[in-house]
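>>> Here's a sequence, model it:
(chains A and B)
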Amino acid sequence: MLCANESFRVATVEFRPRTTDSYTDACTVVTAEAEPTAAEKTVLVCEDDPNLRTLVRLALGEGYRFFEAPDGPSGLALAERTRPDLIVLDLMLPGQSGLDVLAEIRHSDELAETPVLVMSAWSYADEAALAAGADAFVPKPFDPDKLREAALELLEGDGAAD
Amino acid sequence: MARRTDRSSATLSARLMAGSALLALLVAAAFGVFIFAVRTLDDATKRERHTKAVSAETLQLERLVLDLDTGLRGFVLTGRQDLLAPWTSARAALPQSLRSFRRLASTAPAERRRADTLVTSINQYVDGYAVPVVDIARTNPDAARTEVVSQEGARELADIRSRFADFLSTENALAAARTSTAQRRSDAAIAAAIAGMIASALLIAGFGLYLARSIARPVREVAEGATRLAGGDLATRLDPQGVGEVEELTQAFNRMAERLEAGRRELEEQNKRLRESERAKSELVSVVAHELRTPLASVLGFTSVLLQREVTDEQRREYLNIIEAQARRLGALVNDFLDVQRLEEGKLSIAKELVDIGSVVREQTELFAGQSPKHLLDVSLPPTPLPVRGDSNRLAQVVANLLSNAIKYSPLGGVVRVAGKRDDDVVRVSIQDEGVGIPADLQREIFGKFVRGQATAEGIEGSGLGLAISRSLVEAHGGSIDFESTKGRGSTFWFELPTASSG
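Numbering: from 1, shown residues only, chains lettered A, B, ... in the order given. Model (predicted):
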């Protein structure tokens, strides 16, 4: 409840259309504080559990700019705005499933090339995720170091490809 | 049905009996007529033989009379004793021959009369003429040889011979008439017998055809139907046909086929339900695994962070709080999951004691009142008890679930109105909040398992099983549960239970 509304900036309005202060975790949604610098890589975390969003941030550590979205539509909107270097995507999202979000990413002109790391607590979801165009799959529960390794691989590969 | 069975079976039996009896009578009649024909022919043969015997006896008698005459004439004319030999032998044989003739020719009164006349005229000739003439000839041959005497004898003899001829011709005519009558009768009888035989044959063939049509064909169709049925075609049905037992057989067959088909359908449905429940169970296991892994991901993840990273005291406390909360959530999930499982299997034992739902509501509200300073809990209960029959712990669980939801889903706080009242034969408890409400698209499935909508995204804890468990519990008490909700305005959940009789 103590979040400064200014810190939400443009993205906040896009993906939290309802009154943002009605939810206890509203201020964890976005941590972006300034326009990204050229050197800083950006990561979009699309995950409905706020604890796990925090955990992804902690796992990747310093040196990244994070955007967070709690569901598919706001995640897609945010991705189109921010063009992240990596999307970390949960599959079990409210409303729209992560696989549908992934399909939309892959069909979008702007986002098709963006590496996507899918994480899920569903057993055997890896095949479906990879078939739908995921670049990596991390099962939940995950070791923060393993997640970091997988994310770094995609981020560096992306950088090398540029 | 049974009465109809009796009636129709009697009909078939009666028909078969009547048909058999008719055929037996007809065949017997035909044989009777045949026997009559044979008897008639036999009679005719006997009559013919008799007529021949009468004729032979008549001829024999005539020959004796002629022998008498011959002997008489020879002796009278010559006086020689030796010529009297035919006379002597004929006289000796005559009585026997006459008796025999009279015995034979006595079958009809007219015949007997003619025979008697003939016998009388022969006796008259012998006693009144021949014997006196021979006696005269022995003593006075000349007197015996007079014209008068010889003429008298010739006249009498001619008369006798003409009577013989008459008798024979009448006898022959009679025999011929009898033979022809017998022949006619016999012919008619044979014709009747043949007609009877043909009619019997036709009737037997017809009866056979009737049996084939009314019994054999339906039975064959039943056999074919049974073969199809055995082959697995349970939709096999027969046209009800035939009478009595046969119709009953086809009807029984159809009933059996219907039963079999219904039985198979039931088995298939049962199998489908089993597969469905198996599928639902494996889906549930998969969902449960997912639901358990999500808090576990927080527990393990934050534990790793605490173990591997340098963190501030504030961060440590924050992460440990998360770990504790998620571990508790795991524990609650396991309990909820077990409850759901036992409720679905009907293994949860529900006590049937008298419970005042009013005091249950009061206790639960007091428990929750201390937990949320942002919410005002407004309880409205009648002064009298609200008696229901059930398990006070389980009913408290329902009230707690609904209260907890009302508080969780009104994160800004507000008034939660809890009311209990008695309507005729139901007790109704309602819990109204001023919270976020339930989106229309979620309302239909809100009592389903693991249905949480945006709750996780909005940071509202829960297993997604509370309402599913509450509904199962209320239904296990013979009650119902429902809600009204407007997104952004709040929700009202209520449940109703049958009022327990105070007795």
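>>> And B:V429, how close does it get to B:L403?
10 Å (C-beta to C-beta, to the nearest Å). The way it works is simple: take the backbone N, C-alpha and C, and place the C-beta from them, glycine included.
>>> Need the overlap of contacts for these two.
Listed as contacting both B:V429 and B:L403 by C-beta atoms under 8 Å, 6 or more residues apart in numbering or on different chains are B:V418.
>>> Now do the buried residues in stretch B:181-189.
Buried residues in stretch B:181-189, defined by neighbour count with 16 or more other C-beta atoms under 10 Å in any protein chain shown: B:A182, B:R185, B:S186, B:A189.
>>> Closest one of those residues to chain A?
Nearest to chain A among the buried residues of stretch B:181-189 is B:A189, at 101.4 Å by C-beta to the nearest C-beta.
>>> Would you mind pulling up the elements that the helix or strand harbouring B:A297 packs against?
Using DSSP states H and E, B:A297 falls within helix B:244-308. Contact partners of helix B:244-308 among helices and strands, from 3 or more C-beta pairs under 8 Å, 6 or more residues apart in numbering or on different chains; DSSP states H and E: helix A:50-60, helix A:144-161, helix B:2-78, helix B:217-230, helix B:313-344.
>>> Filter the buried residues of stretch B:181-189 down to the ones in strands?
For the buried residues of stretch B:181-189, not one is inside strands, with DSSP state E as the criterion.
>>> list the buried ones in stretch B:303-321?
B:T303, B:S304, B:V305, B:Y319.
>>> residue contacts, the first one?
Spelled out, it's B:T303. Neighbours of B:T303 in contact, by C-beta under 8 Å, 6+ apart: B:I323.
>>> How about the third one?
Neighbouring residues of B:V305 by C-beta under 8 Å, 6+ apart: A:L55, A:L58, A:A59, A:P144, B:V311, B:Y319.
>>> How about the last one: what's its closest non-neighbour residue?
Taking C-beta to C-beta, 6 or more residues apart in numbering or on different chains, and ignoring the residues beside it in sequence, B:Y319 has B:F302 as its nearest neighbour in space, at 4.4 Å.
>>> Tell me how many other residues surround the one you found.
Look at B:F302: counted by other C-beta atoms under 10 Å in any protein chain shown, it has 26 neighbours.
>>> got it, and B:H290?
Considering only other C-beta under 10 Å, B:H290 is surrounded by 18 other residues.
>>> can you check B:A177 too?
If we define neighbours as other C-beta under 10 Å, then B:A177 has 10 of them.
>>> Just give me the closest of the contacts of B:V305 to B:L234.
A:L55 (59.8 Å; C-beta to C-beta).
>>> So for that closest one, what's the nearest residue that isn't a sequence neighbour?
B:G301 (4.2 Å).
>>> Can you tell me what sits against stretch B:396-411?
A:22-24, B:360-361, B:363-365, B:367-368, B:371-372, B:375, B:377, B:416, B:418, B:429, B:431-437, B:455, B:458, B:460-462, B:466-467, B:469-470, B:473-474, B:481, B:490-491, B:493, B:495.
>>> show me what contacts the closest residue to B:F450 other than its chain neighbours?
Ranked by C-beta to C-beta, 6+ apart and with sequence neighbours excluded, the top spatial neighbour of B:F450 is B:G464, at 3.9 Å. Taking C-beta under 8 Å, 6+ apart, we find B:G464 in contact with B:E291, B:K449, B:F450, B:V451, B:R452, B:A455.
>>> So B:G464, which state does it fall into?
Following DSSP: H, G, I helix; E, B strand; the rest coil, B:G464 is assigned to coil.
>>> Need the pLDDT of it.
On the pLDDT scale, B:G464 is placed at 80.
>>> What ranges does chain A have for its helices?
Secondary structure of chain A (DSSP state H): helices at A:9-15, A:50-60, A:72-82, A:98-107, A:125-131, A:144-161.
>>> and the first one, average pLDDT?
Which is helix A:9-15. 31.
>>> Close to chain A: what parts of chain B are there?
By C-beta under 8 Å from any C-beta of the partner chain, the residues of chain B that approach chain A are B:286, B:289-291, B:293-294, B:296-302, B:304-305, B:308-309, B:322, B:326, B:411-412, B:436, B:452-459.
>>> Show the buried residues in those residues.
B:290-291, B:293-294, B:296-302, B:304-305, B:322, B:326, B:411, B:436, B:452-459.
>>> Neighbours of B:M256, how many?
When neighbours are counted by other C-beta under 10 Å, B:M256 comes out with 13.
>>> nope, B:L157 is what I was after
For B:L157, using other C-beta under 10 Å, the count is 19.
>>> and B:E261, what does it touch?
By C-beta under 8 Å, 6+ apart, the contact set of B:E261 is B:L234, B:A235.
>>> From the centroid of chain A, which residue is nearest?
A:V45 (1.8 Å; C-alpha atoms, centre = their mean).
>>> What is the helix or strand hosting B:A158 packed up against?
Assigned by DSSP H and E, B:A158 belongs to helix B:147-211. For helix B:147-211, the packing partners by 3+ C-beta pairs under 8 Å, 6+ apart come out as helix B:2-78, helix B:109-125, helix B:131-139.
>>> and of those helices, who's closest to B:R275?
Among the helices and strands packed on helix B:147-211, helix B:2-78 comes nearest to B:R275, with 41.7 Å by C-beta to C-beta.
>>> ok, then the element right after the closest one?
Past helix B:2-78, further along toward the C-terminus, the next helix or strand under DSSP H and E is helix B:85-104.
>>> and that following helix, average pLDDT?
Over the span of helix B:85-104, the pLDDT mean works out to 88.
>>> what does that helix contact?
B:50, B:53-54, B:57-58, B:60-61, B:64-65, B:67-68, B:70-72, B:74-75, B:112, B:115-116, B:118-119, B:122-123, B:126, B:130, B:134.
>>> how about a cut-off of 6 Å?
By C-beta atoms under 6 Å, 6 or more residues apart in numbering or on different chains, the surrounding residues in contact with helix B:85-104 are B:53-54, B:57, B:60-61, B:64, B:67-68, B:70-72, B:115, B:119.
>>> which of the residues you listed are buried?
Buried among the contacts of helix B:85-104 by 16+ other C-beta under 10 Å: B:V54, B:E57, B:L61, B:L64, B:D67, B:L68, B:G71, B:L72, B:A115, B:V119.
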